[in-house]
Structure formats: structure tokens, C-alpha cells
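>>> take this sequence and fold it.
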Amino acid sequence: MSITKLKSTFSRQGSRHSYNPSVQDELETSHLLRPPHGDNAPSRLAKNLQDVWQLLRSNYANILLVIVPFGLLSGPLSWGPAARFTLNYLAIIPLAVVISYVSEELALSLGQISGGLLNAILGSATELIVRLSPYHLAITDLMRSQISIIALEENEIRLVQASIMGMVFSNMLLTPGACFFVGGLRYPLQMFHGSITSTMLVPTLASIMILVAPTALYSVTARGFEEQHESNSLSLGCAVVLLLLHAASLVFQLKTHTDLFDDVDETEENFDSLEPNINIWMAALILPLTLVLITLCARNMVRSLPPVIDNSSLSRSFIGFVLLPFIDSTGALFTSVVVAYRDKTDLVLGVCNGGILQTVLFVTPVLVITGAATDHPLTLYFGRWDIVAVLFATVLLAALLQRGTSTYLDGVFCLAFYSIVVIAFCVLPEEIAPFEQGVGTITM
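Model prediction:
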């Protein structure tokens with residue numbers, strides 16, 4: 001079973017107990033494709049309302065959907081920068097949860113291979129839209145014919161770089177640490193010897209090494225990179241390699257070694273036997289609408305960043321490394337904690353590994369390639385604090401996975417290290433992005 005399917009199976013387990021099979025039987029009939037008429041119209045309307053209700057109650061974070069209208073209005077009404085940033089930041093959190101839920105529903109409806117590919121791509125849509133807003137990439141053009149220029153003049157390279165590393169870091173320490181702690185409070189010793197964890201450990205560590213390779217190569221080069229095109233070429237080359245690895249990873253999980261990802265506890269439902277909570281037409285309608293809302297909220301949020309940073313103690317490093325990753329990880333964090341409390345730590349680690357691989361192998365190279373194509377190059381030369389935090393987290397996570405067991409004390413130490421890094425990003429001065437100084441050589 002693929003990582004995204006594991007997340008789907010357990011994130012919706014509670015809602016299935018109250019599900020009415022007769023409604024699903026009605027969904028599978030062909031008369032739904034015809035215009036409503038007669039006595040069938042009220043029943044279809046009721047089912048659509050039930051679908052919406054299932055979506056709303058799928059995650060507690062959906063309570064924040066009431067903030068979405070205020071976030072959208074904050075820009076046109078010229079509210080203060082702090083209010084625009086806060087409202088739109090909070091509005092994106094439930095919209096990201098909705099994207100995750102709907103993509104999982106479509107994955108159930110479309111089948112194993114096509115659904116898995118869809119979930120893998122759409123799972124990164126929120127990260128792409130938020131991080132690519134300053135560069136207006138083509139993914140947002142799918143939702144609207146033209147998107148206004150968002151922070152292109154500000155050239156928010158440091159923000160994007162920090163958000164990439166922050167997502168990797170949160171998947172390494174925040175989510176596993178919270179799950180180890182909560183699960184350890186109920187079970188004295190939790191075991192995780194599953195095939196997913198052991199199989200994907202080496203690819204995860206190798207992908208992180210490739211991600212930090214440009215920074216490492218620069219640090220051991222005597223003259224550095226005196227011309228910006230040298231750094232751009234190396235970053236672009238790494239991006240192409242990462243995309244090829246992403247394709248290989250998808251083939252590995254969805255085609256050649258699917259049996260490794262089907263090794264789940266026998267008492268759990270098989271993914272192929274699950275039925276979607278909402279019909280495919282409702283999901284296909286909600287998905288683009290949600291992406292449009294995320295695009296609008298992200299535009300308002302990014303536009304408000306410069307005055308917020310200038311008038312507060314927040315830095316681009318803190319916003320990118322800590323706040324932006326939390327948008328995408330909120331829904332997965334709640335789900336993972338519940339799963340860990342049920343002593344399914346293997347599934348939690350599988351989801352975390354999947355999140356790391358998705359960020360490194362798909363989101364990052366798309367950012368680099370699109371930045372180069374739009375003449376706004378994004379290099380893979382990260383800040384020193386980003387590299388130190390991620391490498392330390394890599395060592396800690398690898399040691400835990402090799403041991404194969406966890407206790408609540410492991411969770412405490414993971415969360416403590418995460419907290420120290422967050423505090424450091426709060427108090428340390430801003431790092432200048434490579435070549436942002438307007439000179440050739442990178443300052444480290």
C-alpha cells in the first residue's frame with residue numbers, strides 16, 4: 001500500500017462507522033449522470049449535502065473555514081498587513097486539509113495507479129502555490145487565466161528556501177516526535193519494523209543528501225561560485241536528477257514493488273475495498289474551487305509579508321522554516337497522532353517519509369526549474385542554520401529508525417530539539433540569500 005493510501009485509510013476510519021451503504025449503492029447507479037427530475041432530485045440533493053457534511057467533519061481544522069471569506073476580503077479592503085497575513089495564513093490551513101481529503105477521495109474513485117499519481121501530485125499543490133506565489137507558476141494558471149504579480153519585485157528567495165527545508169524538518173521531528181510522545185503515553189514500548197519504514201529509509205536519506213549537496217560543494221570549494229550562472233547550473237542539474245528520482249520512486253511504489261506497501265495489519269481494511277465518502281463529480285468540483293481559494297489567499301498573504309517583516313520581529317527564515325510548513329502538516333499531524341495512539345507507528349513513519357520524499361523529489365525541483373524558466377532563479381544554496389538543523393534531525397531520525405523502537409521519552413527529545421530550532425529562528429538575525437547582495441560570490 002502506498003504512503004498516501006495509508007494516510008487515507010486511517011484519516012477517514014472514524015467517519016466510515018456512520019456511513020450508510022445504501023447511499024453508496026445509489027451513487028454507483030448511472031442515473032446520477034442524468035439531470036435531476038421527479039422524486040430522484042431531492043435524494044441527489046440530500047446526498048450532495050451529505051458529501052459536503054462528510055468533508056466538513058473530516059478534520060477539526062475545517063472549523064477555520066469560516067475565516068476564508070475574511071482572508072479574501074482583507075486584500076481588497078486594504079486591511080492592515082498583520083491582519084491580512086494572519087487571516088490568510090489561518091484560511092489556508094483548512095483549505096490545505098480539504099485538498100488532501102478530496103485528493104484521497106479521487107484516489108479511491110480513480111483506482112490504484114492513476115489515483116496514487118493524482119494524490120502524489122495534488123498533495124504538493126498547496127506547497128507549490130504558497131511557495132510559487134512570488135513567481136506565478138503555471139500550476140496557478142490552471143485555476144485562473146491570469147494571476148496578478150505576487151511579490152515578484154521583492155524576490156523572496158530566502159522565504160522559499162526556508163520553507164523547503166522547514167517542511168523536511170517538520171516531517172523529521174515535529175510529526176514523529178508528537179507521535180512518539182502520544183503513543184508512548186499509552187504503550188511503554190512501540191515497535192516499528194514494517195517494510196515501508198525500512199525500505200524507504202535509504203531513499204529518504206539519499207534524497208536529503210542530494211538536496212544539500214550544492215551547499216556542501218560550495219563550502220569545500222576554495223573560490224566559491226564567482227558567477228551566478230555557475231550556481232544556477234548546479235542547482236538546475238540537481239533539480240533534474242531529483243525529478244528523475246521522483247519518477248523512479250513512483251514506479252517503485254505504484255508498479256514494481258506494490259507488495260511492499262501492502263504490508264499492513266490484517267485487521268485493517270484493504271484500500272481497494274474502501275469506497276469513497278463523496279462522489280467523483282462532487283470531488284472534481286470542490287478541488288479546483290479550493291485551489292482557486294488557496295491561490296487568492298496565498299497572494300494576499302505573500303503581498304503582506306514585506307511590511308509585516310519590517311514592522312515586527314518576524315524574519316523570512318522564521319516564516320518560511322516554521323510557519324509555512326505548519327500549513328501543510330496540520331491535517332497530517334492530527335491524523336498521525338491518532339494513528340500513533342492506536343499503536344500504528346509504522347504508518348506514521350511511512351507518512352513522514354512520504355512527505356519528505358514528496359517535498360525533496362517533486363516540490364523542490366519544480367520550484368528550481370520554473371524559477372529558471374521565468375528568469376527568477378532559485379538556487380539550492382540554503383542557509384547555514386537550515387542545513388545544520390536538517391542534518392542533525394537526519395542523524396536523530398536515522399538512529400531512531402535503526403533501533404526500531406520508541407518511547408515517550410524519544411518524543412520528548414524530538415520535540416525539545418524542534419523547539420530549540422524554532423527559538424533559534426526567532427532570535428537569530430536574518431540570513432541573506434545567495435547572490436541577493438548583488439555581488440558574485442556567495443557569503444556564508
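>>> pLDDT weak spots in the stretch 1-150 of the chain?
1-42, 107-150 (pLDDT under 70).
>>> swap the cut-off to 50 and go again
1-9, 11-39, 41, 112-113, 115-116, 125-150 (pLDDT under 50).
>>> repeat that for the stretch 301-444 of the chain.
Using pLDDT under 50, the flagged stretches of the stretch 301-444 of the chain are 433-444.
>>> try 90
301-388, 394-407, 424-444 (pLDDT under 90).
>>> show me where the stretch 301-444 of the chain has strands.
405-406 (DSSP state E, counting those that start in this stretch).
>>> show me the helices in it, by range?
Per DSSP state H, counting those that start in this stretch, the stretch 301-444 of the chain carries helices over the ranges 305-310, 316-318, 324-341, 345-358, 364-373, 384-403, 408-427.
>>> export the ones you listed as CSV, with columns for distance to Leu106.
C-betas here are computed from N, CA, C, even on glycine. Output for the helices of the stretch 301-444 of the chain, formatted as CSV (distance: least, CB to CB, whole Å):
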stretch, distance to Leu106
helix 305-310, 32
helix 316-318, 35
helix 324-341, 16
helix 345-358, 17
helix 364-373, 21
helix 384-403, 31
helix 408-427, 33
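>>> longest helix of this structure, counting residues only.
helix 81-110 (DSSP state H).
>>> orientation of it relative to helix 324-341 in degrees?
What separates the directions of helix 81-110 and helix 324-341 is an angle of 50 degrees, with axes from the mean of the first three to the mean of the last three CA atoms, to 10 degrees.
>>> which helices and strands does helix 81-110 pack with?
On a contact count with 3 or more CB pairs under 8 Å, 6 or more residues apart in numbering; DSSP states H and E, helix 81-110 meets helix 3-11, helix 40-56, helix 68-74, helix 112-122, helix 125-132, helix 280-303, helix 305-310, helix 324-341.
>>> give me the neighbour count for Pro188.
8 (other CB atoms under 10 Å).
>>> ok, and the closest non-adjacent residue to it?
Counting by CB to CB, 6 or more residues apart in numbering, Pro188 lies nearest to Thr407, which is 6.9 Å off, once chain neighbours are set aside.
>>> now swap in Leu293 and tell me
Using CB to CB, 6+ apart, the nearest residue to Leu293 is Leu95, at 5.5 Å.
>>> before we move on, the earlier item: which of the helices of the stretch 301-444 of the chain sits most buried?
Comparing those by mean neighbour count (mean count of other CB atoms under 10 Å), helix 345-358 ranks first with a mean of 26.
>>> for it, list the C-alpha coordinates in PDB.
The C-alpha trace of helix 345-358 is given here as PDB (Å, rounded to 0.1, in the frame of the first residue of the first chain):
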ATOM      1  CA  THR A 345       3.800   3.800  14.400                       C
ATOM      2  CA  ASP A 346       4.800   2.100  11.200                       C
ATOM      3  CA  LEU A 347       2.100   4.000   9.300                       C
ATOM      4  CA  VAL A 348       3.100   7.300  10.900                       C
ATOM      5  CA  LEU A 349       6.700   6.900   9.800                       C
ATOM      6  CA  GLY A 350       5.600   5.900   6.400                       C
ATOM      7  CA  VAL A 351       3.600   9.100   6.000                       C
ATOM      8  CA  CYS A 352       6.600  11.200   7.300                       C
ATOM      9  CA  ASN A 353       8.900   9.500   4.800                       C
ATOM     10  CA  GLY A 354       6.400  10.100   2.100                       C
ATOM     11  CA  GLY A 355       6.200  13.800   3.000                       C
ATOM     12  CA  ILE A 356      10.000  14.200   2.900                       C
ATOM     13  CA  LEU A 357      10.300  12.500  -0.400                       C
ATOM     14  CA  GLN A 358       7.500  14.500  -1.900                       C
END
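>>> which helices and strands does it pack with?
So helix 345-358, by 3+ CB pairs under 8 Å, 6+ apart, packs with helix 3-11, helix 175-186, helix 195-219, helix 324-341.
>>> so which of those comes closest to Glu105?
Closest approach to Glu105 among the helices and strands packed on helix 345-358 (CB to CB): helix 3-11, 8.4 Å.
>>> helix, strand or coil: sort out Pro76 for me.
With DSSP: H, G, I helix; E, B strand; the rest coil as the basis, Pro76 sits in coil.
>>> before we move on, back to that, hang on, the residue nearest to Leu293 packs against Leu296?
No - here Leu95 lies out of contact with Leu296, judged by CB atoms under 8 Å, at a distance of 9.9 Å.
>>> which of the two has more neighbours?
Leu95 (29 against 23).
>>> start and end of stretch 52-68, how far apart?
End-to-end distance for stretch 52-68: 16 Å, by CA to CA, to the nearest Å.
>>> quick one on the thing from earlier: mind listing what the residue nearest to Pro188 touches?
Phe180, Gly184, Pro188, Leu189, Gln190 (CB atoms under 8 Å, 6 or more residues apart in numbering).
>>> ok, and the closest non-adjacent residue to the second one?
Same thing as Gly184. Nearest one to Gly184, counting by CB to CB, 6+ apart, is Tyr408 at 2.8 Å.
>>> surely Leu380 and Ala216 touch.
No - look at Leu380 against Ala216 with CB under 8 Å: they stay out of range, at 10.4 Å.
>>> higher neighbour count, these two?
Leu380 (27 against 12).
>>> and the more buried one, how far from Leu361?
13 Å (CB to CB, to the nearest Å).
>>> ok, Ser103 next?
For Ser103 relative to Leu361 (CB to CB), the value is 18 Å.
>>> other residues contacting stretch 413-423?
169-170, 173-174, 176-178, 180-181, 318, 321-322, 385, 389, 392-393, 396.
>>> again with stretch 173-182
Counting by CB under 8 Å, 6+ apart, 190, 329, 332-333, 336-337, 339-341, 345, 348-349, 351-352, 355, 393, 396-397, 400, 406-408, 410-415, 417-418 sit against stretch 173-182.
>>> same thing with stretch 329-342?
7, 10-11, 59-61, 93, 96-97, 100-101, 167, 170-171, 174-175, 178-180, 182-183, 186, 190, 347-348, 351-352, 355.
>>> count of neighbours near Pro429?
Considering only other CB under 10 Å, Pro429 is surrounded by 7 other residues.
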